[in-house]
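Participant: Return atomic coordinates for the entry below.
(chains A and B)
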Protein chains: 2
Amino acid sequence: MSLLVVGSIALDSVETPFGSTADALGGSAVFFSYAAALLHPVEVVGVVGSDYPMDALRRLARRGVDISGVEQAEGESFRWRGKYSYDLQSRETLETRLGVFAQFQPRLPAGYGDARYVFLGNIDPELQLGVLDQVEAPRLVACDTMNYWIHGKRDVLLELLGRIDVLMVNDSEARELSGDWNVYRAARWILERGPSSVVIKQGVYGAVLVNDESIFYVPAFPLEEVFDPTGAGDAFAGGFMAHLARSDDLTPDNLRRAMVYGSAMGSFAVERFSIHRFDEIGPAEVTARVRSFGDLVRCDIEATVHVPELSA
Amino acid sequence: MSLLVVGSIALDSVETPFGSTADALGGSAVFFSYAAALLHPVEVVGVVGSDYPMDALRRLARRGVDISGVEQAEGESFRWRGKYSYDLQSRETLETRLGVFAQFQPRLPAGYGDARYVFLGNIDPELQLGVLDQVEAPRLVACDTMNYWIHGKRDVLLELLGRIDVLMVNDSEARELSGDWNVYRAARWILERGPSSVVIKQGVYGAVLVNDESIFYVPAFPLEEVFDPTGAGDAFAGGFMAHLARSDDLTPDNLRRAMVYGSAMGSFAVERFSIHRFDEIGPAEVTARVRSFGDLVRCDIEATVHVPELSA
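Facilitator: From the prediction side, this is the model:
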């Protein structure tokens, strides 16, 4: 089933304790596409400036990503510069230059309007709504956002919640949106406003899927080497959405599997700067990693609770 | 198999956004014992002052806890006063009054020396070593510590590591002990110094068991109401150790089950102030909660990776 992503295409300059990178490939649509393309074809809508390394887009195209929705506009590409703390748990934005992104109005090419799976990367919720107006009958729409929009465009964001199926946010975004410090109550608050599922991303601690059926917890893959957390959330979304699009199965069990693909893709993203890890891996690495999640949480508790003298 | 705990017996005054409590039952040995006693008999060694409400100890005794190792000394009981942040994620110690705990020298009563399962609560590592000298042939020794001892008595703590089987610490303690910000590398560092397993407690995010066999992740039970995080780690230890003691089974699979009992007990601890939640529950509630952990992480990923067209 067709999978569409709309989001930023950026050039990132990132400092971590392990090195730095300048004008590297970044942006929500790029991380999403690199991860998703390992599982399923992707259609991407975004904008780049006249200074963007167009060869990078051609590399994406060779991976099965349809880049006909990427517009090249006169001006500078979107740039983000940030610095991570020693433990990679927090980051500081040093500079954001919107460039051509400031005037971005997503226009879907002919043929994209029938997209069945849609991911709205973290952009202005008015633009996210504008994208939905151009999609005829999506089967599942997932959406990311950030505190900037939660505070600055709350009403639009609430309208958007009524039109999407899955909201993917981190702990602090869920708390700020709902005004509730407890993430499970925050998730219920969000579910009451439209989405049928909420995915709460918790970085090195994993992610939680909350819906009316159940709560599902997927850990982060345990990594002894993490280089750059940038893009992990978008790579998570790429794995999540691509698994749903290729299987076209929205049963609760398959949503759980999508979470595991998401966590696996998020773990690849952080192993190198920028999208470089995705240049090194293929289907075999993805399958091996998603399988390893089973052992990470495997526990036969019934073997204990069924033994009378141990059934405390 | 006999289960021994040595630790603090305190009177806690706690402020949370939801209320406060004064001189409530607390201390590592008390939280441990309340949780463990739901699964298995416990022998407790500690000290209380002349002002301690001895009826509280008698209540413990009625739950199957042998309190003959609790010494009552002339003076004031150990008191801790703390205040939690609005989201319960951080806390400030407002006051610590050691009282009779300052002179505490754990002495095991006759008959305790043959304890097979031993938990050394967070006290001076010299005292923890002193306890081990009094135990003849323990099958498994687990130990907690804190940053105060990591900095102040590092050499003694390293000596202790060579004599224990399981170190149970939180993220920041593991990092400070090893000098490594990555918790998995920190765990390896600890394993190289003696313990065969490390349990890293991560609060609302759950806990990880790291040993040479594997890494096992248990989430925290998802709670929409949390009142007081005090004692969660000690209740975790109580569930973990009591399950091992009652089953006397140290296979990798049973260590995983012990983690689930630990997380379940930790989740009960935070649902009320002090140890009050443990006064409300029995075996049925414990069994129901440990069972619910299965659904929280249930995912049949093989159903996907075995399908050729989905085996990305």
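
Participant: Identify the residues contacting residue A:189.
Facilitator: Contacts of residue A:189 were listed using CB atoms under 8 Å, 6 or more residues apart in numbering or on different chains, and they are A:177-180. Where you see a C-beta, it was placed from the backbone N, CA and C, and this is true even at glycine.

Participant: same thing with residue A:153?
Facilitator: Residue A:153 neighbours (CB under 8 Å, 6+ apart): A:124-126.

Participant: and which of the contacts of residue A:189 is nearest chain B?
Facilitator: The closest of those to chain B turns out to be residue A:180 (CB to the nearest CB; 9.4 Å).

Participant: Check whether the closest one sits in a helix, strand or coil.
Facilitator: coil (DSSP: H, G, I helix; E, B strand; the rest coil).

Participant: Excluding chain neighbours, what is closest to it?
Facilitator: Nearest non-adjacent residue to residue A:180, counting by CB to CB, 6 or more residues apart in numbering or on different chains: residue A:186, 4.6 Å away.

Participant: hang on, the one you found packs against residue A:170?
Facilitator: No - the pair residue A:186 / residue A:170 is not scored as a contact, 11.1 Å apart, by CB atoms under 8 Å.

Participant: Would you mark the buried spots in stretch A:222-234?
Facilitator: A:222, A:226-234 (16 or more other CB atoms under 10 Å in any protein chain shown).

Participant: What of stretch A:7-25?
Facilitator: A:7-16, A:21, A:23-25.

Participant: Identify all contacting residues around that stretch.
Facilitator: Under CB under 8 Å, 6+ apart, the answer for stretch A:7-25 is A:26-30, A:32, A:44, A:46-48, A:52-53, A:56, A:70, A:77-84, A:86, A:88, A:101, A:119-123, A:144, A:227-228, A:230, A:234, A:273-275.

Participant: Can you select the buried ones from those residues in PyMOL?
Facilitator: To isolate the buried subset of the contacts of stretch A:7-25 in PyMOL, counting by 16+ other CB under 10 Å, use the following:
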select buried, chain A and resi 26+27+28+29+30+32+44+46+47+48+52+56+70+77+78+79+80+81+82+84+88+101+119+120+121+122+123+144+227+228+230+234+273+274+275
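
Participant: thinking again about what came up before, quick one: which two of the buried residues of stretch A:222-234 are the most distant?
Facilitator: A:222 and A:234 (21.2 Å; CB to CB).

Participant: picking up where we left off before, could you dump the buried residues of stretch A:222-234 into TSV with distance to residue A:247, secondary structure and pLDDT added?
Facilitator: As requested, the buried residues of stretch A:222-234 are exported to TSV (distance: CB to CB, whole Å; DSSP: H, G, I helix; E, B strand; the rest coil; pLDDT from 0 to 100):
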residue	distance to residue A:247	secondary structure	pLDDT
A:222	26	coil	97
A:226	29	coil	90
A:227	31	coil	88
A:228	30	coil	91
A:229	28	coil	92
A:230	28	coil	93
A:231	24	coil	95
A:232	23	helix	96
A:233	22	helix	97
A:234	21	helix	98
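
Participant: In TSV: the residues you listed, plus distance to residue A:148.
Facilitator: TSV is the format used below for these (distance: CB to CB, whole Å):
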residue	distance to residue A:148
A:222	32
A:226	25
A:227	26
A:228	22
A:229	19
A:230	17
A:231	18
A:232	19
A:233	15
A:234	16
